[in-house]
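J.: can you look at this prediction? I've put the sequence above it.
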Amino acid sequence: MFPLYFLIAAAVVGVDQLTKYLVLKHLTHVATLPLINGALHLTYVENRGAAFGMLSNSRWVFMIVSSAVIVIMTAYLIINRGGAVLGNIAVSFVLGGGIGNMIDRIWRGFVVDFIDFRLINFYVFNAADSFVCVGCGLLIFVLIKNELAARKAKKNRAPESDGDGR
């Protein structure tokens, strides 16, 4: 089962890099392309910062931190190969998204962003960012689910007695 998690991460990288390739090929000279006018646009942005453009021009800091996180997540998937399937899929999403954005930082010096959700005033993002967010959301769900199950199991355990009702 454990190689499947690396295939999932590789698929995430593939989807991310394919979408960025298409954006670079077709969208760099277009200001914005509305898919749903006023709600969802494709807008080419060169993100030189961290998530959502924060701390721009700190490329090396992000590359070092991202590299450490990628190594930790890879080690986790290797060590936790028999762990919870949903949790490992979530880590695979985060791993693939991290690698996808790392490829951009190394090869281009910036991350290609293009998903422009305009219903709320939000940053332009990409497929890798989406997978990272979904993966983190799944991890939070798994952690909450596991905590609730542990509390329920603890509550359902009958208190031990010494035979005389105490």
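T.: The structure has been received and is ready for your questions.
J.: distance check, the residue sitting nearest the centre point of the chain against residue 30.
T.: In the chain, the centroid-proximal residue (CA atoms, centre = their mean) is residue 132; its distance is 0.9 Å. Noted for residue 132: a distance of 26 Å to residue 30, by CB to CB, to the nearest Å. C-beta: built from backbone N, CA, C; applies to glycine.
J.: also residue 90?
T.: From residue 90 to residue 30 the distance is 34 Å (CB to CB).
J.: between these two, which has more neighbouring residues?
T.: The residue with more neighbours, out of residue 90 and residue 30, is residue 90; 24 against 11, by other CB atoms under 10 Å.
J.: now for the helix or strand containing the more buried one, which elements pack on it?
T.: Under the criterion of DSSP states H and E, residue 90 resides in helix 85-107. In terms of contacts (3 or more CB pairs under 8 Å, 6 or more residues apart in numbering; DSSP states H and E), helix 85-107 is packed against helix 2-26, helix 59-79, strand 111-117, helix 127-156.
J.: how many degrees apart are that helix and helix 59-79 in direction?
T.: Put simply, helix 85-107 runs at 150 degrees to helix 59-79, going by axes from the mean of the first three to the mean of the last three CA atoms, to 10 degrees.
J.: what about the closest residue to residue 41 other than its chain neighbours, how many neighbours?
T.: With CB to CB, 6 or more residues apart in numbering as the criterion, residue 41 has its nearest non-adjacent residue at 4.2 Å, and that residue is residue 116. The number of residues packed near residue 116 is 20, by other CB under 10 Å.
J.: do the same with the one 3 residues further on
T.: The number of residues packed near residue 119 is 9, by other CB under 10 Å.
J.: helix, strand or coil: sort out it for me.
T.: Following DSSP: H, G, I helix; E, B strand; the rest coil, the label given to residue 119 is coil.
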